[in-house]
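Participant: Give me a 3D structure for the following:
(chains A and B)
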Amino acid sequence: MQIKESSELFDVIIVGSGAGGGMATKQLADAGLNVAVVEAGPFFDPADPKTMTQLKQPYDSPRRGAGTTRAFGEWDMSWGDWEVEGEPYTHAEGTEFKWWRARMLGGRTNHWGRISLRFGPKDFKGKTRDGHGDDWPIGYEDVKPYYDKLDKLIGVFGTNEGRENDPDGFFLPPPKPRLHELFYINGAKKSNIPVIPGRLSMLTKRINEDRGVCFYCGQCGRSCQIYADFSAGSCLIFPAQKSGGQVKLFVNSMVREVITNEEGKATGVSYINKEDRKEYMLRGKVVVLAASACSSARILLNSKSKQHPNGLGNSSNLVGKYLHDSTGSSASGVIPGLMNRKTSYNEDGVGGMHVYSPWWGDNSKLNFPRGYHIEVWGGMGQPNYGFGWDPNALNQYFGLKSGGYGDSLRDDVKKYYGSVIGFGGRGEAIAYKDNYCEIDPTTVDQFGIPVLKFNYKHSEYEKNQAKHMQDTFEEIIHNMGGHYLGEKPGKDRDYGLNKPGEIIHEVGTTRMGDDPKTSVTNKFQQLHDADNVFIVDAGVFVSQADKNCTWTIMALSWRASDYIIEQLKAQNI
Amino acid sequence: MDRRKSLQTLILGGAAATSGLVFNSCKTENGESVDQDIVASSEKYFGRTPAELERIEKLNAQELFNGHEMDTIAALSVVILPPKEPHGGPIEAEVPALVEFMGKDVPEMAPILLGGLMWLDHKCNTEFGTEFKSATLEQKKQICDEICWHDTEKPLSEQPLEIQFFYTMRGLTVTGYYTSKVGIADLGYKGNSPNVWDGVPQDILDQHGVAYDPEWIAKCVDQSQRNVIAEWDDEGNLLT
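Facilitator: The predicted model follows:
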């Protein structure tokens, strides 16, 4: 089969349309460049009523919202989850990693939690701080101007609190706390744990005429039809097209590899068109990979040539190494003070926490080197499949029997509605070279592309951190007068520590650095081994902070895009 | 079809599909209007991908329970959660249809449901010489009383089938009711509709013995200014 080559020569080919790819599309197209965006999934627009799940009622579906076909529930706006049909991944024996892939325009930004935290000055200098991991080749001052511009372009609510490692920004005003959040604030205060307004990218106030203002349905995970939350399609790619940019979208197009020439420079990418299952080639002057940390590593490792026998950008042998995810451990409690609630009002709020706790501890006095933040959930949410399943299971915490039947079940459901508060600890793991993904030479996906094999184990630091999370949650639940639900996980269950990958913040596979022997890209996210290939997803992270990665992916993608424009102008690439 | 053409069709198709919106303008309690065009829940679509729709059609074409079994499910569901004015019960909530669909959607549930229904009739015949659905309410309750308490200390899968069956049926009945139109009305859930959140009402704060910290509230959104475009000074202070 002859590979069909495009006649058009693009200035830039961007692989992936999520946070990193979306931002690169916006910046490069706005600069007048001719851009091709190659996305493995279909087109998606949150405003399309055919695919929309926002404001659906549970009874609109025969399964009432159950998660049979979507891991986070039927309304979650991610096409693809831990499994994507026909696209497996494998594991080294005795190790675990869960890999979430969203195959659609905008990728995972369509359903993400919108928690938008800047990294702080300490987060870029981990090794200097405590000797673990490595420092980034850049510091907060390099990224700050981009965070500032990002806040204004995309919109994020929050407050300036003057905290050293949780920098101030240009925030929209936050929504008022909900009832359970007031209980949380009081409970955390008793343990001297700080609580501040959440920082999420939803528009509590108008930022331009193209996007709507939040109407508080609490369903950002379903992607907002009036674009009041951030998704890469609605907030970056569509605006780039609307302002006249040259953006050609290639959807249902699965990139196999980056093509390089005799000099080792990229000339384009090859991809499989999922509709006719044939291979095509796109030609471009610059290739920008934004397929997600692991997918971009996979593409690089699969891009073998005479000039790059080890895979593109892999002369250091580090592509795929230093893979790390945020740590996570969760708990919930039933709070008597939140029982027997009046349902006289709508408290959906935004689709996420109105308040949270940034890291407060002093790691030099703890048995784990890095911190975590606490996310809080609760309230009288929309009932979906599973609601009321075991209607009086909570009776066991009040000396009452669970089970039975009859009219009293109605009273049980109402008594406990909105009485449970949940906590998620999200922390920083240390990046280790020994945690990695590589190509599994024995397995290909349905397009014939070799797949990834994961090799990832938690260290004791992550487990110690999870223990601290659990102890903290228990203490706060008791402070609120509540009961910890279920059995508190102990050492035998790694203190409830989530499997690697489950927090969906995987980073580090193509890390940046000044030394080509110890890093894959330079500080402008340009491959050391091929100067016209850039990576703008979380692969370039040297370390994931106790923050969420999306805001930093976008700030860095914007910074890398500026560099690409500058280098093209200077005819350096 | 030419590759480029098919792509353009696909992309235009997505954008053009925004026609046929149902507009919903909403004035909220505090008088701030949500002045945006918001698509109301559509009966025609519920956001399924083509593959998901295909799965649903396939399941709908299969029959898991016969007519007698469906009648028995209905009869048991109204014992579990008796109907109550003004918001009806499991029948109005279409619980039997949900039981049938989930039994197919989650195949592990099917043997518990099928086996449990057989057990129910066998037990009822042995005790009262009649099928469950034709038994009196007192007889039905007598049978349910024996199987409605599970051991909370033990995994459900290690308990007798009839206990697992009742637990599953109660779960499906209660979740089915409270995810239906009548059940949501009974619960009183007010969400899933456009509104402007402006904090917990005072009577609720009083009931639960909490209060807003004035300093915190001063930083929160002034909903009367929500439609005024945000502007900041160089320090990040919001000016509008």
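
Participant: Roughly how far does A:Gln571 sit from A:Asp166?
Facilitator: With the distance defined as Cβ to Cβ, to the nearest Å, A:Gln571 ends up 41 Å from A:Asp166. Using the backbone N, CA and C atoms, a C-beta is placed for each residue, glycine as well.

Participant: more neighbours, those two?
Facilitator: A:Asp166 (23 against 6; other Cβ atoms under 10 Å in any protein chain shown).

Participant: measure that one to B:Phe65 for me?
Facilitator: The spacing between A:Asp166 and B:Phe65, counted by Cβ to Cβ, is 56 Å.

Participant: count of neighbours near B:Asn237?
Facilitator: The number of residues packed near B:Asn237 is 12, by other Cβ under 10 Å.

Participant: so who does it touch?
Facilitator: Shown in contact with B:Asn237 (Cβ atoms under 8 Å, 6 or more residues apart in numbering or on different chains): A:Asn160.

Participant: Just the pLDDT at it, thanks.
Facilitator: With respect to pLDDT, B:Asn237 scores 97.

Participant: Nearest to the middle of chain B, which residue? Look it up for me.
Facilitator: Compute the mean C-alpha point of chain B, and by Cα atoms, centre = their mean the closest residue is B:Thr179, 2.8 Å away.

Participant: Do I have it right that it meets A:Arg63?
Facilitator: No - using Cβ atoms under 8 Å, B:Thr179 is not in contact with A:Arg63; the gap is 9.6 Å.

Participant: what is in contact with these two at once?
Facilitator: By Cβ under 8 Å, 6+ apart, the residues touching both B:Thr179 and A:Arg63 are A:Tyr385.

Participant: now the strands for the stretch 301-450 of chain A?
Facilitator: A:327-334, A:355-357, A:372-378, A:420-427, A:436-444, A:450-455 (DSSP state E, counting those that start in this stretch).

Participant: what would those look like in TSV with mean neighbour count and distance to chain B?
Facilitator: What follows is the strands of the stretch 301-450 of chain A, written out as TSV (neighbours: other Cβ atoms under 10 Å in any protein chain shown; distance: least, Cβ to the nearest Cβ, whole Å):
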stretch	mean neighbour count	distance to chain B
strand A:327-334	23	15
strand A:355-357	24	9
strand A:372-378	23	13
strand A:420-427	24	13
strand A:436-444	17	22
strand A:450-455	21	21
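
Participant: Dump those strands into TSV; add distance to A:Gly120 as well.
Facilitator: Formatted as TSV, those follow (distance: least, Cβ to Cβ, whole Å):
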stretch	distance to A:Gly120
strand A:327-334	18
strand A:355-357	15
strand A:372-378	12
strand A:420-427	14
strand A:436-444	27
strand A:450-455	30
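
Participant: Please render the ones you listed as TSV that adds mean pLDDT and distance to A:Ile14 to the earlier fields.
Facilitator: Shown next, in TSV, are the strands of the stretch 301-450 of chain A (pLDDT from 0 to 100; distance: least, Cβ to Cβ, whole Å):
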stretch	mean pLDDT	distance to A:Ile14
strand A:327-334	98	30
strand A:355-357	98	32
strand A:372-378	98	31
strand A:420-427	98	29
strand A:436-444	98	22
strand A:450-455	98	21
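
Participant: where does A:Val247 fall, helix, sheet strand or coil?
Facilitator: Put simply, A:Val247 is strand when judged by DSSP: H, G, I helix; E, B strand; the rest coil.

Participant: quick one, strands of the stretch 151-300 of chain A?
Facilitator: Counting by DSSP E, counting those that start in this stretch, the segments of the stretch 151-300 of chain A that form strands are A:196-197, A:246-250, A:253-260, A:266-273, A:278-289.

Participant: got JSON lines for those, with mean neighbour count, distance to chain B and mean pLDDT too?
Facilitator: Listed next are those as JSON lines, based on neighbours: other Cβ atoms under 10 Å in any protein chain shown; distance: least, Cβ to the nearest Cβ, whole Å; pLDDT from 0 to 100:
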{"stretch": "strand A:196-197", "mean neighbour count": "21", "distance to chain B": "7", "mean pLDDT": "98"}
{"stretch": "strand A:246-250", "mean neighbour count": "20", "distance to chain B": "6", "mean pLDDT": "97"}
{"stretch": "strand A:253-260", "mean neighbour count": "24", "distance to chain B": "9", "mean pLDDT": "98"}
{"stretch": "strand A:266-273", "mean neighbour count": "22", "distance to chain B": "6", "mean pLDDT": "98"}
{"stretch": "strand A:278-289", "mean neighbour count": "23", "distance to chain B": "8", "mean pLDDT": "97"}
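
Participant: Of all the ones you listed, which one is nearest A:Lys491?
Facilitator: Among the strands of the stretch 151-300 of chain A, the nearest to A:Lys491 by Cβ to Cβ is strand A:196-197 (32.3 Å).

Participant: Are whatever helix or strand comes next after that closest one and chain B in contact anywhere?
Facilitator: The helix or strand immediately downstream of strand A:196-197 is helix A:232, counting by DSSP states H and E. No - Helix A:232 does not reach chain B (Cβ under 8 Å from any Cβ of the partner chain); its nearest approach is 15.0 Å.

Participant: show me the contacts for the residue in chain B that chain A sits nearest to.
Facilitator: Relative to chain A, the nearest point of chain B is B:Gly188 (3.3 Å; Cβ to the nearest Cβ). Residues counted as contacts of B:Gly188 (Cβ under 8 Å, 6+ apart) are A:Thr343, A:Ser344, A:Lys414.

Participant: one more time with 10 Å, if that's ok
Facilitator: Applying Cβ atoms under 10 Å, 6 or more residues apart in numbering or on different chains, we find B:Gly188 in contact with A:Arg341, A:Lys342, A:Thr343, A:Ser344, A:Tyr345, A:Met380, A:Lys414, A:Tyr417, B:His87.
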